[in-house]
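**Q** Below: sequence and its predicted model.
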Amino acid sequence: MQSLTQQNSSYFVSSMKNILEDSSLTFAEKAISIKSLTVKSKQNQVSKPSMAGDIAIVDVDLAMVQDSTGPLAIRSLNEMRVDKLFNPARVLLVIDHTFPAADEKVANLHAMMRSFASKYNCMLVEGSISHQYILEYLAAPGMMILGADSHTCQAGCISAFATGIGSTEIAAVWATGQMWLRVPETIKIKLSGNFRKGVFARDLILDYIGKVGEDGANYKALEWTFANDNTRKEFSIDSRACISNASMECGAKISVFPSDDLTRTYLNQNPRIIKDVPEIDIRPGSSAKYVDEIEIECGKIEPQVCGPDNVDNVHLIDELANVEIDQAFIGSSTNGRIEDLEIAARILKGRKVHKNTRCVVTPASAKVYEEAIKRGYVEIYLESGAVFTNATCGACVGTHLGALGENEICISSSSRNFVGRMGALSSKVYLATPATTAASAIEGKIADPRRFL
Amino acid sequence: MSDRPTPAESSPHPSPLMPSPPPRSVPPPVATTAILHGKAWVFGDNINTDIIIPFRFKSRTNDPYEMAKYAMYGIDPDFPTKISKGDFIVAGKNFGGGSSREQAPVALKYAGISIVIAESFARIFYRNAFTIGLPALEISEIKGNVVQGDELKVDIGNFTVENIRTKRIFHARKVPEFMQQMLLEGGLVEYYKRNKRFPWM
């Protein structure tokens, strides 16, 4: 509760106001400057904001691990003989990657996490992907969220500062509530126009990554803006989450959207369970310095497919059409939200998955799972011959519920297509939107979704 | 469920499935400088963490030596048996991209790799390497100046790399002092055990 007291004091309020109103600072500079006020007050440096390239020590509002990074964090904490957490209510353990346990070894690690959560009385979530759970229940604008998972940056979709770090670093956050961060340089991307039929947020971010390369935003922040309301309204929170999440694939440290009425509506419809971290509406300054400023015209983007084995091997769908597939996977934290399941259902409705192809649909969270049932999507999937699983990272990381064998080919709406990502080293993964993936499931080969819409 | 035996966490007698922290045969270095010699294993660009250790192996153990069996599995499953203790990895750009998995530098370290030198590193891998005490040296021209098997001499205190064959010396990108100190003391856990505080505080 320390941070609440601090943020209520007039001293912190006035310092925060100065930072928020500073026209020379980017989102990242403002967010880090605000969250480092505690440390700076001790060093009498409050008046000096943190600029790109600086190292700052920040107060962390939420520190997350999942079942493939948590055990190492627990181990490091134990090795350091730390037996008190800075604030158990800010510590989140999520069992999502191999949920429910696929085998005995995984089950033992899950048991270790449950025992830790019980001992320290911290948050334990099972059966929703961490990033989606954080979006649905925890994240808020201006929040400082660190997670031992690279896709933690997804929470930037509602204007949180959220990024991935390592397991042992999370153990240090659990111990102290603080972590060091280098303030990233920022790339500003203005979106204009509207998508054409059959084109979605994932196509946009695939196209961007294909152009800048898989380290094109390494160490950097991405700040998304909209040219006008017409474009802004096209980007639902689900679509923004897809972009913020997938921005990791070009190395971005954070990927943030400005909060707006869509953000407000989302937060109202999905109440936060953390009540005592104040929301901070951070707007980048008008004269902030960017390392690059670009504009993307949504209307010029066509359906994209990323070929194996790198996330920047991006092509127009025509160039890869007709590649025969063994599996189509619709899901993951990148594209397993309700709007993704909706478009998949629309395409699969009344059609059959190709006889040589299996189709696996995995929602990103328990909430999405329930909603898919309510809306009747699950019946559609089952009638088409697809499999509908519980929420998990399973297939995306090749751990269960859709792993690939030798030389198998999968088209997937998941995050990555690296060598052996979904199973055998000789298997191949093509990345695309849920729409393209669903269309491909029907044809048994990579197929253009526009024919089905 | 809190009374269930919990292997590696609170029980003094861990189950065989959950090995206790392995014995550290070499004490972590504590010095202001460290000179290391090693043979270079050369790799290309974009060696991501799925290549360094696939998920299905790293997510089923908490034992670093078990992780080490799969070091560089995505490129050469026999890599751990080919290298000698203390060897170096030299790579192109964006080493360690993708997943945040700390198991990636851990697998390399416990397989016997003592240093990774690359043209550039992905952000989280770079942090993790320092955190676990595996030196990660960024030298933009390194790949073109080292061939497979070259013997290198690395000075961790000064962040320099010498190729013994060509006699050329390369300077790695400097890091904040607290990161270097953490590295010299064997990583974050070792630093904390010795100093009872974190290096950035």
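**A** Nice, I can see it.

**Q** CA only for contacts and neighbour counts going forward, please
**A** Noted.

**Q** chain center to the longest helix seen in chain A, what's the gap?
**A** In chain A, taking DSSP state H as the definition, the longest helix is helix A:104-120. Helix A:104-120 sits 24 Å away from the centroid of its parent chain (C-alpha atoms, centre = their mean, to the nearest Å).

**Q** Show me what the lowest-mean-pLDDT helix or strand in chain B packs onto, helices and strands only.
**A** The weakest-scoring helix or strand in chain B, judged by mean pLDDT, DSSP states H and E, is helix B:177-184 (a mean of 94). Contacts defined by 3 or more C-alpha pairs under 8 Å, 6 or more residues apart in numbering or on different chains; DSSP states H and E place helix B:177-184 against helix B:123-132.

**Q** now the helix it packs on, how far from the centre of its chain.
**A** Centre-to-centre, helix B:123-132 and its host chain are 8 Å apart (C-alpha atoms, centre = their mean).

**Q** Measure how that helix sits relative to helix B:177-184, angle-wise.
**A** Going by axes from the mean of the first three to the mean of the last three C-alpha atoms, to 10 degrees, helix B:123-132 is angled at 60 degrees with respect to helix B:177-184.

**Q** Helix B:123-132 and chain A, any residue contact?
**A** Yes - counting by C-alpha under 8 Å from any C-alpha of the partner chain, chain A is contacted by helix B:123-132 at B:123, B:124, B:127, B:128, B:131, B:132.

**Q** what does that helix contact?
**A** If you take C-alpha atoms under 8 Å, 6 or more residues apart in numbering or on different chains as the criterion, helix B:123-132 is touched by A:150, A:164-166, A:168-169, A:218-219, A:251, A:253, B:95-97, B:100-102, B:104-106, B:135-136, B:179-180, B:182-183, B:186-189.

**Q** Which of those residues fall in strands?
**A** Counting by DSSP state E, the contacts of helix B:123-132 place A:164, B:136 in strands.

**Q** Let me know the next secondary structure element after the least confident helix or strand in chain A by mean pLDDT.
**A** Across the helices and strands of chain A, mean confidence by mean pLDDT, DSSP H and E is lowest for helix A:2-8: a mean of 49. Per DSSP states H and E, helix A:2-8 leads on to helix A:10-21 as the next helix or strand towards the C-terminus.

**Q** mind saving the C-alpha coords of that following helix as CSV?
**A** Output for helix A:10-21, consisting of C-alpha atoms alone and laid out as CSV, is shown next (Å, rounded to 0.1, in the frame of the first residue of the first chain):
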residue,chain,number,x,y,z
SER,A,10,0.7,16.4,-2.7
TYR,A,11,4.5,16.0,-3.3
PHE,A,12,3.9,13.1,-5.7
VAL,A,13,0.8,14.6,-7.2
SER,A,14,2.6,17.7,-8.2
SER,A,15,5.6,15.8,-9.6
MET,A,16,3.4,13.6,-11.6
LYS,A,17,1.4,16.5,-12.9
ASN,A,18,4.6,18.1,-14.2
ILE,A,19,5.6,14.9,-15.9
LEU,A,20,2.2,14.4,-17.5
GLU,A,21,2.1,17.9,-18.8
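
**Q** could you give the mean pLDDT of it?
**A** What helix A:10-21 shows for mean pLDDT is 89.

**Q** What residues sit buried inside it?
**A** With burial defined by 16 or more other C-alpha atoms under 10 Å in any protein chain shown, the residues of helix A:10-21 counted as buried are A:12, A:15, A:16, A:19, A:20.

**Q** go on, stretch A:52-59?
**A** Judged by neighbour count (16+ other C-alpha under 10 Å), stretch A:52-59 contains these buried residues: A:52, A:55, A:56, A:57, A:58, A:59.

**Q** give me the number of residues near residue B:136?
**A** 27 (other C-alpha atoms under 10 Å in any protein chain shown).

**Q** Can you name the residues that contact the closest residue in space to it that isn't next to it in sequence?
**A** Nearest in space to residue B:136, with sequence neighbours left out and distances taken as C-alpha to C-alpha, 6 or more residues apart in numbering or on different chains, is residue B:116 at 4.9 Å. If a contact means C-alpha under 8 Å, 6+ apart, then residue B:116 has B:88, B:89, B:90, B:91, B:134, B:135, B:136, B:137 as its contacts.

**Q** Confirm that the third one sits in a strand.
**A** Yes - going by DSSP: H, G, I helix; E, B strand; the rest coil, the assignment for residue B:90 places it inside a strand.

**Q** circling back: now the residue nearest to residue B:136, which residues is it bridged with?
**A** Under DSSP bridges, the beta-bridge partners of residue B:116 are residue B:89, residue B:136.

**Q** just to revisit the earlier point, identify, from the buried residues of helix A:10-21, the entry nearest to chain B.
**A** residue A:12 (20.8 Å; C-alpha to the nearest C-alpha).

**Q** Going by length in residues, pull out the top strand of chain B.
**A** strand B:35-42.

**Q** Any chance you could list what contacts that one?
**A** Strand B:35-42 is contacted by residues B:86-91, B:143, B:146-157 when judged by C-alpha under 8 Å, 6+ apart.

**Q** do the same with stretch A:123-139
**A** With contact meaning C-alpha under 8 Å, 6+ apart, stretch A:123-139 is reached by A:66, A:88-97, A:99-100, A:114, A:117, A:145, A:151-152, A:154-155, A:158, A:160, A:270-274, A:332-333, A:364-367, A:390-393.

**Q** For that stretch, what is the distance to the chain centroid?
**A** On C-alpha atoms, centre = their mean, the centre of stretch A:123-139 falls 11 Å from that of its chain.

**Q** same deal with stretch B:82-97?
**A** Put simply, stretch B:82-97 sits 9 Å off its chain's centre (C-alpha atoms, centre = their mean).

**Q** tell me which residues in it are buried?
**A** Of all the residues in stretch B:82-97, those buried under the rule 16+ other C-alpha under 10 Å are B:83, B:86-97.

**Q** Report how far apart the opening and closing residues of that stretch are.
**A** 24 Å (C-alpha to C-alpha, to the nearest Å).

**Q** any idea of the mean pLDDT for it?
**A** Across stretch B:82-97, pLDDT averages out at 97.

**Q** do stretch A:133-147 as well
**A** Mean predicted confidence for stretch A:133-147 is 98.

**Q** and it, how far apart are its ends?
**A** This stretch, stretch A:133-147, spans 13 Å end to end (C-alpha to C-alpha).
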